[in-house]
Every structure is written in C-alpha cells, then in structure tokens.
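In: quick one, fold the following:
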Amino acid sequence: MKIERFDSKEELYARAVAIMVEAKHNGATTFGLATGGTMEPLYAKICKTDIDFSNCISFNLDEYVGLQANHEQSYAYYMHKHLFHEKPFLASYLPNGLAADPLEEAARYEALLQQHSLDFQLLGIGQNGHIGFNEPGTAFDSLTHLVTLEESTRQANARFFSSIDEVPTQAFTMGIQSIMRAKCILLMAVGETKREVLERVLASDYTENIPASVLSKHPNVMILTDLQVEEN
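Out: Below is the predicted model of the structure:
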C-alpha cells in the first residue's frame, strides 16, 4: 500500500480528483463508487471538472435494504444528487433495495460485477474498519451479500436520518473478494475519527476483524489521509 498525507482536506481532495482523472486518462472505464460524508467533497470537485464518464460504467459498493431508489437516504438518491446529475455514466448499477428476494438480488449483482471487471475502486473506511458494509468478521473471500449492520455503523449513519430508528438494519454490499478484484483501489481516510483504525491497518494487522486490513494484500492500493500516522 502507498500512502499520501496532506496538511489540508483541500489538498487531499484535489489529489483524489487527480488520481481519478489520471485513471480515466489511462483507460479506466469501470468504476466502483462509494458514498458517505467522506465522498461528498470529492464528488463536488469532480462535478467542477471536465472529466467525461459518458463511456464508463459505475458500480456502487452498497445499498440499504428497504429503501426505494428515490428515498432521500438511499444510495441511489445520494449518487444522483452528488454526482450523476452532473456526471452521468453510460450505465450505473446499484443493488435494488426493494428486491423481493434479497439473496437472489445479491447473486444478481455479483454476476454483474463478474461480467464487468472494475478498473478503479473508490473506498472510504468505517471506524470499525469496514469497507463497503463488510463488517468485522466478514470472510475475506466473501462475494456480494446481504449484511446485518453493526450498531456502531447504524449510529455513525444516524446523522443522515431523523432518528436511529429510521436507519435500516440490513444492506447489500460488495464482498471483500469482489472489492479486491479491482485493478486499482483508492482508499480515503479523512478526519480524526479514522485515526485509530487507519493506524491498525497500516500496522499490517491482517485480520478479518479489521476488514480494511485485506488491502495490504492488494498490489495497487493508494491511501489518502489528512492524518499524520505512522506506517510500520
């Protein structure tokens, strides 16, 4: 893993945009995308560039179960609001949060991912080390699956809802193996709340109890952070 540290979030996000633009310039056409507060400034900056994704395909990491696509807290809505309205892709895929058979939907989404290998995968990191919604204990060989969200994850996301009771308890997520198939991965760890988990990942504590630690086994991972942490 390569890590770049920045004194300001402005510099960090400018670098992230440059990395994505370079990936596109070098021929990337399939992008794995993430959501959450960490990604909003990135997408805002991308929308101000002249990058054209109209010949590209996107796959989102995850989606809540039980929310329709036009629900304000669904990730389908998030992506349209923050990116797709300005930078549409040729095709954009997310799991269907209202699928009648969640297990069948997970298998359908995984089949799509296997048909379109990801050139570039964008990731955030949860305070418990999750990537996507792969919570601690998720098998490193997992494929797209249905997951029951940890209470800490629901609490972290509750700020986007009126109350914790409205936060879904389940979600679809790309599996860890699904993520690791990407040719290039960009992980963004922004803010003091990510310090402890980032230090554990950089310490090469390779364990399913820290899902993001699997990235140490990937040949092409870049980490961008505004934290001054030690790399062992």
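
In: where does this structure have its least confident helix or strand?
Out: helix 151-157 (a mean of 82; mean pLDDT, DSSP states H and E).

In: ok now that one, how far from the chain's centre?
Out: Here the centre of helix 151-157 is set off from its chain's centre by 16 Å, with CA atoms, centre = their mean, to the nearest Å.

In: could you do stretch 156-163 as well?
Out: Here the centre of stretch 156-163 is set off from its chain's centre by 18 Å, with CA atoms, centre = their mean.

In: hey, C-alpha coordinates of that stretch in PDB?
Out: Presented in PDB, the C-alpha positions along stretch 156-163 are these (Å, rounded to 0.1, in the frame of the first residue of the first chain):
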ATOM      1  CA  ALA A 156     -22.500   6.500  12.600                       C
ATOM      2  CA  ASN A 157     -25.100   6.800   9.800                       C
ATOM      3  CA  ALA A 158     -27.900   8.000  12.000                       C
ATOM      4  CA  ARG A 159     -26.900  11.700  11.400                       C
ATOM      5  CA  PHE A 160     -28.400  11.300   7.900                       C
ATOM      6  CA  PHE A 161     -31.800  10.200   9.300                       C
ATOM      7  CA  SER A 162     -34.300  11.800  11.600                       C
ATOM      8  CA  SER A 163     -33.600   9.100  14.300                       C
END
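
In: so which bits of that stretch are buried?
Out: Ala156, Asn157 (16 or more other CB atoms under 10 Å). Every residue, glycine included, has its C-beta placed from N, CA and C.

In: and for stretch 179-199?
Out: Judged by neighbour count using 16+ other CB under 10 Å, the buried positions of stretch 179-199 are 179-182, 184-190, 194, 197-199.

In: pLDDT weak spots in this protein?
Out: Scanning the chain for pLDDT under 70 picks out the ranges 230-232.

In: so where do the helices sit in it?
Out: For the chain, applying DSSP state H gives helices covering 9-25, 40-47, 75-79, 102-115, 151-157, 176-180, 195-202.

In: for these, give me TSV that also has distance to Val221.
Out: Below are those laid out as TSV (distance: least, CB to CB, whole Å):
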stretch	distance to Val221
helix 9-25	12
helix 40-47	17
helix 75-79	23
helix 102-115	19
helix 151-157	22
helix 176-180	10
helix 195-202	10
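
In: so which of these gets nearest Gln121?
Out: Closest approach to Gln121 among the helices of the chain is made by helix 176-180 (5.9 Å; CB to CB).

In: of the buried residues of stretch 179-199, which is the nearest to His130?
Out: Val197 (9.1 Å).

In: grab the nearest non-local neighbour of the closest one.
Out: Spatial nearest neighbour of Val197, excluding adjacent residues (CB to CB, 6 or more residues apart in numbering): Gly129 at 4.9 Å.

In: does the one you found touch Pro211 like I think?
Out: Yes - with contact defined as CB atoms under 8 Å, Gly129 reaches Pro211; the gap is 5.3 Å.

In: joint contacts of the two?
Out: Pro136 (CB atoms under 8 Å, 6 or more residues apart in numbering).
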